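A.B. asks: From the sequence below, what's the structure:
(one chain, ligands or ions: 1)
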Amino acid sequence: MQVLKLGGSVITFKDKDMTADHEGIRRLSDEIKAAWPLPLVLVHGGGSFGHPVAKKYRLTEGYKSERQVAGFARTHRAMHELNSIVVDALLEKGVPAISISPSSFILTEEGRIRSINLEVIGRLVVRGILPVLFGDVVIDRSKGFTILSGDQLAVRLAIDMGAERLIFGVDVDGVYTSNPKLVPEARIIRELPLEQLVGYIKIGEALTTDVTGGMLGKVSEAREAVEAGVEVLIANATSSDVILKALRGEPVTGTILKR
Ligand code: ADP
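C.D. replies: Predicted structure coming up:
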C-alpha cells in the first residue's frame, strides 16, 4: 500500500484565497488513473482554502473564545470544498474516490493524533476504493480543537496501515540544501539518511536556516515514518508524470528519506 500526500502548494494557488488549480488537479487525476488500480490512500493539504480562515480565527492556538467556533466550522467547510474539487476530478477520470473527513473520526492531544480508527479506510482500500482525506480542523482533548496538518495525517496513515511507501508531492523537486525558491544555487539532496533527520534543529543547521515552515515541517513529520520502515519520497507533483512514475515505483527526481 502507498500513501500519497499532495501539497496545498500543488493543488491550489497559495497567493489567491479559495482558488484551486483545476488544471493541475485534472492532470494529477489523470496520473492516478493511469496507475490505477492500486492500494492507495490520498491526503491533500489546504493551500489557499483552509489556511486563511484557520489563521483568521487563530485555530492552531486551540479554543480561546466563543467566536472561534464559527471559524472551526468555516475552516472545515473550506477544506471540504477543496476536497470536493479533488474527488470530482478523480471521479470524472474514472477513479472511485470517496471523501473522508478527518474531523469526524480523529482526535488529537496537544496537536498530535491520539485516536484514529482505520478499519473503514483499510476496508475501502481492499474494495478498490480511493479514500481521499485532507488537512482538517479536529477536536483536541487538551486544547479544545486544533488544525491537523495533511503531513501529520499522511505519516500516521502510512505507519498505522503498514504502507511501503509515502510520497509527498510538492512544488519543488525535493529537499534542497536551502530553499530553492530563495537560493538559486541550492542543490537537491537525493538521499537524506535518518541520522541527519534526528533532531530536526540539526537539519535546520545542515540546510541553513532557509528550511522554514513547509519543508522543515514535512521532513520532521516524515522522520517517524522512516523510523517505522516506510520509504519516504519527496518529489515534484507539479512536473508531468512524476507522481505517475512514483506510484508505479519507477525512479524519479526527488529526495528519498532513508534509515
Ligand atoms: P505543501 O503546501 O505543498 O505541503 P509547503 O509549501 O508547505 O508544501 O512546503 C514546500 C515548500 O518548502 C517549497 O515550495 C519551498 O519553497 C519550501 N522550502 C523551504 N526550505 C526548503 C528546502 N531546503 N528544500 C526544499 N524546499 C524548501
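A.B. asks: So what's the residue count around Val132?
C.D. replies: Taking other C-beta atoms under 10 Å as the criterion, the count of residues near Val132 is 22. Using the backbone N, CA and C atoms, a C-beta is placed for each residue, glycine as well.
A.B. asks: Number the residues from 37 up from this point.
C.D. replies: In the new numbering, first residue 37, that becomes Val168.
A.B. asks: would you list every one of the helices in the stretch 37-186 of the chain?
C.D. replies: 44-47, 58-71, 83-92, 104-129, 155-162, 186-196 (DSSP state H, counting those that start in this stretch).
A.B. asks: Equivalent analysis for the stretch 187-295 of the chain, please.
C.D. replies: Assignment of helices within the stretch 187-295 of the chain using DSSP H, counting those that start in this stretch yields the ranges 236-242, 249-263, 278-284.
A.B. asks: would you list these in JSON lines and tack on mean pLDDT?
C.D. replies: Shown next, in JSON lines, are the helices of the stretch 187-295 of the chain (pLDDT from 0 to 100):
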{"stretch": "helix 236-242", "mean pLDDT": "46"}
{"stretch": "helix 249-263", "mean pLDDT": "87"}
{"stretch": "helix 278-284", "mean pLDDT": "98"}
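A.B. asks: Would you convert those helices into CSV that also reports mean neighbour count?
C.D. replies: Converted to CSV, the helices of the stretch 187-295 of the chain look like this (neighbours: other C-beta atoms under 10 Å):
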stretch, mean neighbour count
helix 236-242, 14
helix 249-263, 20
helix 278-284, 20
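A.B. asks: With respect to the ligand, which of these lies nearest?
C.D. replies: Closest of the helices of the stretch 187-295 of the chain to the ligand is helix 249-263, at 2.1 Å (criterion: C-beta to the nearest ligand atom).
A.B. asks: Using PDB, write down the CA coordinates of the closest one.
C.D. replies: Provided in PDB are the C-alpha atoms of helix 249-263 (Å, rounded to 0.1, in the frame of the first residue of the first chain):
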ATOM      1  CA  GLY A 249       7.700  26.000   7.600                       C
ATOM      2  CA  GLY A 250       6.700  23.700   4.800                       C
ATOM      3  CA  MET A 251       9.700  21.600   4.100                       C
ATOM      4  CA  LEU A 252      11.000  21.600   7.700                       C
ATOM      5  CA  GLY A 253       7.600  20.500   9.000                       C
ATOM      6  CA  LYS A 254       7.300  17.800   6.400                       C
ATOM      7  CA  VAL A 255      10.800  16.400   7.000                       C
ATOM      8  CA  SER A 256      10.300  16.400  10.800                       C
ATOM      9  CA  GLU A 257       6.900  14.700  10.500                       C
ATOM     10  CA  ALA A 258       8.300  12.200   8.000                       C
ATOM     11  CA  ARG A 259      11.100  11.100  10.400                       C
ATOM     12  CA  GLU A 260       8.600   8.900  12.300                       C
ATOM     13  CA  ALA A 261       7.600   7.100   9.100                       C
ATOM     14  CA  VAL A 262      11.200   6.500   8.100                       C
ATOM     15  CA  GLU A 263      11.900   5.100  11.600                       C
END
